[in-house]
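Colleague: Everything below, folded, please.
(one chain, ligands or ions: 2)
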Amino acid sequence: AVTEEKGTISIHTENIFPIIKKFLYSDHEIFLRELVSNAVDATQKLKKLAALGEFNGELGDLTIEVSFDKDKKTITVSDKGLGMTGEEIKKYINQIAFSGAAEFVEKFKDKTDAKDIIGKFGLGFYSAFMVADNVEIISRSFKSAEDEAARWICDGSTEFQLSAATKAERGTDIILHVNADSEEFLDEWKLKGILDKYCKFLPVEIKFGTKSENEEDGVDEAGKPKYKTVTTDRIINNPSPLWVKSPSDLKDEDYLAFYKELYPFSEDPLFWIHLNVDYPFNLTGVLYFPKVKNDFEMQKNKIQLYSRQVFITDEVKDVVPDFLMMLHGVLDSPDIPLNVSRSYLQSDANVKKISAHITKKVADKLSELYKKDRADFEKKWDDINIFVKYGIISDEKFYDRAKDFTLLKNVDKQYFTFDEYKEKVSATQTDKDGNVIYVYASDAGKQDSFIQAAKAKAYDVLLLDGVLDNHFINTLEQKLEKVQVKRVDSETADKLIDKDEKLESVLSDTEQETVKGVFEKAINSKAMTVAVESLSPQDLPVVITMSEFMRRMKDMAKLGGGG
Ligand code: ADP
Ligand code: MG
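Modeller: Ligands and ions are numbered 1, 2, ... in the order given. Okay, here's the model as predicted:
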């Protein structure tokens, strides 16, 4: 028999270690993100200790430096943060999945707001072994003297060596002895690219190499300006990006300048939303509405996702509803876990809440713009309609919020809300069954004669010529009661709206039949209908149409789908 027992599950480090090193992260390049974010944490912690009076020395220059040596095959990340004693290295580094960052936040949670500490799981450091055979730490704690520094080295097995070292400055150097498979990282532009991607908005200045610029230096004898080359540290990041600032301190110019910083070659955005939520989840960021033309597919993946100013991904598919993928900008949430897989993201409760919040904010903003200045909203409509329509088609909740400000534009460039439009055309465009028929053109040029014929009957003609308008029309018919939508060339003007009126043609029946025969033969298509029923000399003599039903069938076939 088994005796009842309680115990602790044990882990064989030598078995679990390779799993952590190889499979925890899919992308090798993120080792740099992890090491630099540790350096940032070390610096932020020191600043917090100083603020609490637990560190009384000079903070001095706190710049983090990333460097590499192609000959020695090393990459080094150096900080002037709080450093570690030998004991602390044993505690924080040797214990996998023990996070000194989490411990710090817990210890000071009543005294200081530690929202900006990045680390959490105690796993990031080991990502260094994805690219390095040996990882070396040389660290001097803010509590230790120059000759009391510590040196730790590990070759990626479960064995490490710890020894005494001397280090002139406070802080930590992490030195990676790059492995043979990872020599691609020993390259200035490769490293610069990775830093630009992940570290661009980290809150502590990060130096990587130097930059040289020509500066004016007086004038020569001929009075021409002289130049000298000035070499300075190259700081790769902007430590206080716009989204972490308070909206009340920011002007339109600031938002536009930040947009240019994110997308250097883009046209100015139309407007933006500054997100700033504390509860029930934490979310900051700025979302911009770009000018969306019909090439909206190209505009995707423009939103960057950050967690405490560390870049995570620009694949925000799971965080942002599909129709908002056309927006540009930045989202930052510490509640979106840093080192997790995508399938986890999808099921994460916070992520779902964030997505719903963004949808609401976007609808609120549009509604506000509409209410504040209708004329201006109409001016912007051509640029934003595709995106509002996408939302309306794909998101029930968004439809409910957007139905009061979504506009319909007619061929005379007048704009109407759903309610206004129904009101406008009800009297003239209701058929014998009480359906209101909306007539639209999908190509104002080609369908002009039909448009004129419809107008001659006092019908209003909408212009629905965008890439999403076929779907938009379906949504209108589903959502608006007793509304049917017909393309202007789907019938002759007389039959567009069946009002049960008796119509007399100026041609006799036989004359009509003869002309009809001639045209049908010429067209030779079952999908088209020929009508020869001119009621007056002003009417079009012969009209060739394709019914709304046939046309939609054809459109669907063209799209290659059945629904
Ligand atoms: P996390 O950052 O999630 O806590 P890591 O594995 O990245 O986990 O780091 C483990 C711990 O090692 C950190 O929490 C910190 O206490 C310590 N550490 C790592 N890098 C540094 C550094 N540059 N300076 C001081 N401490 C560091
Ligand atoms: Mg870390």
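Colleague: mind listing the helices for the stretch 301-450 of the chain?
Modeller: Secondary structure of the stretch 301-450 of the chain, counting by DSSP state H, counting those that start in this stretch: helices at 342-347, 349-372, 374-394, 396-402, 418-429, 448-456.
Colleague: For Phe55, which of those helices is the nearest?
Modeller: When those are compared by C-beta to C-beta, helix 349-372 sits nearest Phe55, at 34.0 Å. For glycine as for every other residue, the C-beta is placed from the backbone atoms N, C-alpha and C.
Colleague: Now do stretch 260-273: distance from first to last residue.
Modeller: Taking C-alpha to C-alpha, to the nearest Å, the first and last residues of stretch 260-273 lie 16 Å apart.
Colleague: buried set for that stretch?
Modeller: Leu262, Pro269, Phe271, Trp272, Ile273 (16 or more other C-beta atoms under 10 Å).
Colleague: Kindly indicate which of those lies nearest ligand 2.
Modeller: Leu262 (25.5 Å; C-beta to the ion).
Colleague: So the closest one is in contact with Leu327, correct?
Modeller: No: taking C-beta atoms under 8 Å as the definition, Leu262 is not a contact partner of Leu327, at 12.0 Å.
Colleague: Spit out the contact partners of the nearest residue to Phe311 once chain neighbours are set aside.
Modeller: Computed as C-beta to C-beta, 6 or more residues apart in numbering, the closest residue to Phe311 that is not its neighbour in sequence is Tyr198, at 4.5 Å. Neighbouring residues of Tyr198 by C-beta atoms under 8 Å, 6 or more residues apart in numbering: Ile30, Leu32, Arg33, Val36, Val310, Phe311.
Colleague: Now do the closest residue to the first one other than its chain neighbours against Lys190, distance only.
Modeller: In space, Ile30 comes closest to Ser127 once its chain neighbours are excluded; the distance is 6.1 Å by C-beta to C-beta, 6+ apart. Distance of Ser127 to Lys190, computed by C-beta to C-beta, to the nearest Å: 17 Å.
Colleague: For these two, work out which one has more neighbours and name it.
Modeller: Applying other C-beta atoms under 10 Å to Ser127 and Lys190 shows that Ser127 carries more neighbours, namely 23 against 14.
Colleague: Just list the residues touching the more buried one, thanks.
Modeller: Lys21, Leu24, Tyr25, Ile30, Phe31, Glu34, Leu35.
Colleague: Show me the longest strand that occurs in the protein.
Modeller: strand 206-219 (DSSP state E).
Colleague: now what about that strand, what contacts it?
Modeller: 36, 63-67, 188, 191-192, 195, 199, 225-237.
Colleague: next one: stretch 397-408
Modeller: Applying C-beta under 8 Å, 6+ apart, the contact partners of stretch 397-408 are 321, 323, 356, 359-360, 362-364, 366-367, 370-371, 377-378, 381, 385, 388-389, 391-392, 415-419, 421, 438, 462, 475, 479.
Colleague: Go back to the contacts of Ser127 and keep what's next to ligand 1.
Modeller: Among the contacts of Ser127, the ones lying near ligand 1 by C-beta under 6 Å from any ligand atom are Glu34.
Colleague: For ChimeraX, what selects the buried ones among the contacts of Ser127?
Modeller: The ChimeraX selection below is limited to those of the contacts of Ser127 classed as buried (16+ other C-beta under 10 Å):
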select :24,25,30,31,34,35
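Colleague: what's the closest of the contacts of Ser127 to ligand 2?
Modeller: Using C-beta to the ion, Glu34 comes nearest to ligand 2 of these, at 5.4 Å.
Colleague: Which residue, neighbours along the chain excluded, lies closest to that closest one?
Modeller: Per C-beta to C-beta, 6+ apart, closest to Glu34 is Gly124, 3.5 Å.
Colleague: how about that neighbour, what does it touch?
Modeller: Glu34, Leu35, Ser37, Asn38, Asn339.
Colleague: Sort the residues you listed by pLDDT and name the bottom one.
Modeller: pLDDT across the contacts of Gly124 is lowest for Asn339, at 56.
Colleague: need the strands for the stretch 151-300 of the chain, in chain order.
Modeller: 160-165, 171-178, 206-219, 225-235, 271-277, 283-289 (DSSP state E, counting those that start in this stretch).
Colleague: Any part of the third one near ligand 1?
Modeller: No: under the criterion of C-beta under 6 Å from any ligand atom, ligand 1 is not reached by strand 206-219; the shortest gap measures 12.9 Å.
Colleague: Show me how far that strand is from its chain's centre.
Modeller: Averaged C-alpha coordinates place strand 206-219 at 34 Å from its chain's average position (C-alpha atoms, centre = their mean, to the nearest Å).
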